[in-house]
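# Build me a model:
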Amino acid sequence: MVRRLLDTTARELAGYGRAEKLAAIRGSEGRTVAAEVMAPVMAAVYDVSNPELAAGMGADIVVLNLLDVREPVVFAVDAAPKDVVREVKRLTGRIVAVNLEPVDPEAPRVTDDDFGPGEKAGRLATPENIAALAALGADAVVLTGNPGMGVTNASLTRAVAAARDAAGDDLIVMAGKMHAGGSASEAGAGIVDAAAVEGFVAAGADVVLVPAPGTVPGCHEAQVRE
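Alright, predicted model coming up:
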C-alpha cells in the first residue's frame, strides 16, 4: 500500500517503484516541496552536503543541478562516481532527481551564459546520458534548461520521448522550464502554453514544470491555471 510522500519513511520510499512514487506525490495533494541544489557547489555547512541540508529544511524531493552524469560529483558526498547519486538518496531519504538539458543548437539565444562550470556534455539530455542517469540510481530526470543554454519546448518534447525510450519505467520524467532557458523566442508569456504542455504529456512526461505565477514577466495565474 502506497502512502503519501509526506508520510513515507526512507525505508518505505526505497522500496517504491516509479508508479508508487508518483502515487505518493499525487496523494500529497500539491504539498510536496522540491529543492534544487547545485551538485558541484561548496557545501554551505562545513561537511554537510547541500542535498542533506535541503532535506533537513523540509524538501521532499531533491533536484541535483549541474551534475555531470559522465563524471558525477556532489560536493561533500564521499562516494565513488558510480555510487554518488545512491549515496545522496541514502543520506537524505528523499526522492532524488537530476536535471538534464535538451539544448537546441539552432535556437536563437538571448545570452551566451553557458551556465555552470566546465564541460557541458555530461549535462545534456541525450539518450546515452539518460541511460547513464538511470544506471546511477536516480529516481527522476528533470528535462529543463539553465540560463543561456538555449532550450526550447520543441527540444523538450523530443527529449521526453527519448527519455521514455532510454529509461523505460526506471525514471520519472519531468519536463518544462521555470524561465526561458536562454531561448529568445520563448521568453515571458512564450515560456509555456497549452500546446507545449500537451506535447510533453503526449511524449510521455509524468510531471510538467511551469513557472510560478509572477516569477517571470508574462507568466500569470490564469495562464498557469490553464
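
# So M178 sits against P211, correct?
Yes. Between M178 and P211 there is a contact under CB atoms under 8 Å: 5.2 Å. Bear in mind the C-beta positions are built from the backbone N, C-alpha and C, glycine included.

# Compare the two (neighbour count), which wins?
Neighbours of M178 and P211, each counted by other CB atoms under 10 Å, are more numerous for P211; the result is 20 against 17.

# burial of the residue lying closest to that one once chain neighbours are set aside, as a residue count?
What sits nearest to P211 in space, not counting adjacent residues and going by CB to CB, 6 or more residues apart in numbering, is C219, at 4.5 Å. Residues contacting C219 under the criterion other CB under 10 Å number 20.

# For C219, list the residues it contacts.
C219 makes contacts with 188-189, 191-192, 210-213, as judged by CB atoms under 8 Å, 6 or more residues apart in numbering.

# 7 Å - rerun?
189, 191, 211, 213 (CB atoms under 7 Å, 6 or more residues apart in numbering).

# Where do the domain boundaries of this protein fall?
Domain ranges of the chain: 1-31, 33-225, per automatic domain parsing.

# average pLDDT across the last one?
Right, domain 33-225. Mean pLDDT, computed over domain 33-225, is 92.

# Point out the other helices and strands that the helix or strand hosting R90 packs with.
In this assignment (DSSP states H and E), R90 forms part of helix 84-92. Contact partners of helix 84-92 among helices and strands, from 3 or more CB pairs under 7 Å, 6 or more residues apart in numbering; DSSP states H and E: helix 50-56, strand 95-100.
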